[in-house]
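Student: Sequence and computational prediction follow.
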Amino acid sequence: MKKSIDELVDVDVEGVVAREIFVDDELFEQELEHVFGRAWLFVGHVGLVPEPNDYFQSRMGTDPVILTRDKAGEIHVLLNTCTHRGMKLCRSDQGNTRTFTCPYHGWSFSTDGRLVDRPGELYNVPGYDTHYHSELDKKKWGLISVPRVEIYKGTVWASWDEEAPPLLDYLGDMRLYLDYALDYRDGRPGGAEVIGGVQKWRVQANWKMIPENFIGDLYHDVSHRSVDAVGIGPSGKGRRDSFGNRITLCFPEHGHGVIGQLPFHEEYDGVSGNWGENPEVQEYYRKVHESRVERLGDDMRVAMSVGTIFPSMSFHGRQPRTIAWVHPISATETEMWRIFLVDEDAPEVVKDEARRYYMRYSGPGGLTESDDMENWAYATRASKGWRSRQLFFNYQMGLGHARPVPELDNAVENGEFNEENARAFYRRWAQFMKASSWKEIPMPESEHTR
Ligand code: FES
Ligand SMILES: [Fe+2]
């Protein structure tokens, strides 16, 4: 007999999660609607579509979408499937066009406000006058627009659900940690630019294993020992430079979590020999930190290394500085995408050093990411068998020991090593899976005063 969601996810009493949720096809289908059909999903960065009529192919769950900037500079997210007979309309990863023409029968859809009233509207239909006798309702057969789109400091987010709370409420105070990745390192707002392209690759693992890893799994350091031994870090030591005062901290009512530092305990990138292989870069980070402290003073400031925004967006704020997001393909296969960030006004030498380090670290050819992929893929495979899928994963570390973080709304911390953050992720997952609409998904009172 099928287990209920509460039986599958028992993170509060037993601290366990059923392996079924990582391998079961029916649950996967339910996730597409209940999680990916409702949550705010990261779909890209404005830096991927800098000019009018630029587009970037993205995804929301298993649905292909087009992120595009219209002639007036507005960003839109459109479902990438022709309304005539479903052909995938746009098949290039990125480009520039005013009109998307379907390769199957030639219908074309435009985002240009001079040609159509709304972006994605059906603009031209071959044989409209003759074969259709001018009777086709073009206004009705335009591309489907994703109803909710919000941009936060260059990051583009979309939700299929009209009832989803505003993005800032959804992020809660996790936003402060996201700021660390998106703001100029010296504290001015925004300023992170995308360098290089988008890395894309597939891993034979359930999608949840990836945000779970990035939400706060410091415990798996052991599996990176070989990379640490190689010394790919910016100082030629370990896989990244040292980071003191690490805390796993999460926002249980939102399902987000982070490995970072408590407010005002930030230790900057450039301290104690970080980036030590290149003194010029090290000096740059020292200077920008000085400006940061001067500029922000007693304002809230935090630093972080890695975190996850429920459900599928993870980001690194320091070494490397990058956004990774996952697209589910099936219960046991996931596509991962990564973009890399630097301060847009950083000196070339800083950008270059970062770029080289990002390539050593991340993506399918990156040494650290390769370790992680192996863990996720084998854990998925070893949970698929008739016998093994009846078992549960253990998330008991630190259960019942979380403490509130007074400076942040709805945050708890649990020291350095614990599984509080993963429990928060699966608790949130269960809430989404059980709810029949956004109204049934608990949200903390909106309190953002910052
Ligand atoms: S499927 Fe696109 S025009 Fe027919
Ligand atoms: Fe890892």
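Tutor: In hand now; what should we look at? Ligands and ions are numbered 1, 2, ... in the order given.
Student: what residues are up against the most centrally placed residue in the chain?
Tutor: The structure's the chain has its C-alpha centroid closest to residue 313; by Cα atoms, centre = their mean the separation is 1.5 Å. Going by Cβ atoms under 8 Å, 6 or more residues apart in numbering, residue 313 touches 41, 42, 211, 323, 324, 325. Where C-beta positions appear, they are placed from N, C-alpha and C, glycine not excepted.
Student: Any stretches of the stretch 151-300 of the chain with poor pLDDT?
Tutor: Low-confidence segments of the stretch 151-300 of the chain (pLDDT under 70): 272.
Student: which non-adjacent residue is nearest whatever residue of it ends up closest to ligand 1?
Tutor: For the stretch 151-300 of the chain, the residue positioned closest to ligand 1 under Cβ to the nearest ligand atom is residue 160, at a distance of 22.1 Å. Excluding the flanking residues, the one nearest residue 160 by Cβ to Cβ, 6 or more residues apart in numbering is residue 37, at 5.1 Å.
Student: confidence score at the one you found?
Tutor: Here, the pLDDT recorded for residue 37 equals 98.
Student: Run through the strands of the stretch 51-200 of the chain in chain order.
Tutor: 54-60, 63-69, 75-79, 94-96, 99-101, 108-110, 121-124, 148-152, 155-159, 192-203 (DSSP state E, counting those that start in this stretch).
Student: Which parts of this structure belong to which domain?
Tutor: 41-148, 172-440 (automatic domain parsing).
Student: Throw these into a markdown table and include distance to ligand 1, thanks.
Tutor: Shown next, in a markdown table, are the domains of the chain (distance: least, Cβ to the nearest ligand atom, whole Å):
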| stretch | distance to ligand 1 |
| --- | --- |
| domain 41-148 | 3 |
| domain 172-440 | 23 |
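Student: circling back: with distance to residue 445 as extra columns, can I get the strands of the stretch 51-200 of the chain in CSV?
Tutor: Putting the strands of the stretch 51-200 of the chain into CSV (distance: least, Cβ to Cβ, whole Å) gives the following:
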stretch, distance to residue 445
strand 54-60, 28
strand 63-69, 32
strand 75-79, 29
strand 94-96, 40
strand 99-101, 42
strand 108-110, 41
strand 121-124, 39
strand 148-152, 20
strand 155-159, 20
strand 192-203, 30
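Student: Can you add distance to residue 336 and mean neighbour count and give the ones you listed back as CSV?
Tutor: Shown next, in CSV, are these (distance: least, Cβ to Cβ, whole Å; neighbours: other Cβ atoms under 10 Å):
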stretch, distance to residue 336, mean neighbour count
strand 54-60, 12, 22
strand 63-69, 16, 23
strand 75-79, 20, 22
strand 94-96, 18, 14
strand 99-101, 26, 18
strand 108-110, 29, 23
strand 121-124, 33, 19
strand 148-152, 22, 17
strand 155-159, 17, 24
strand 192-203, 6, 18
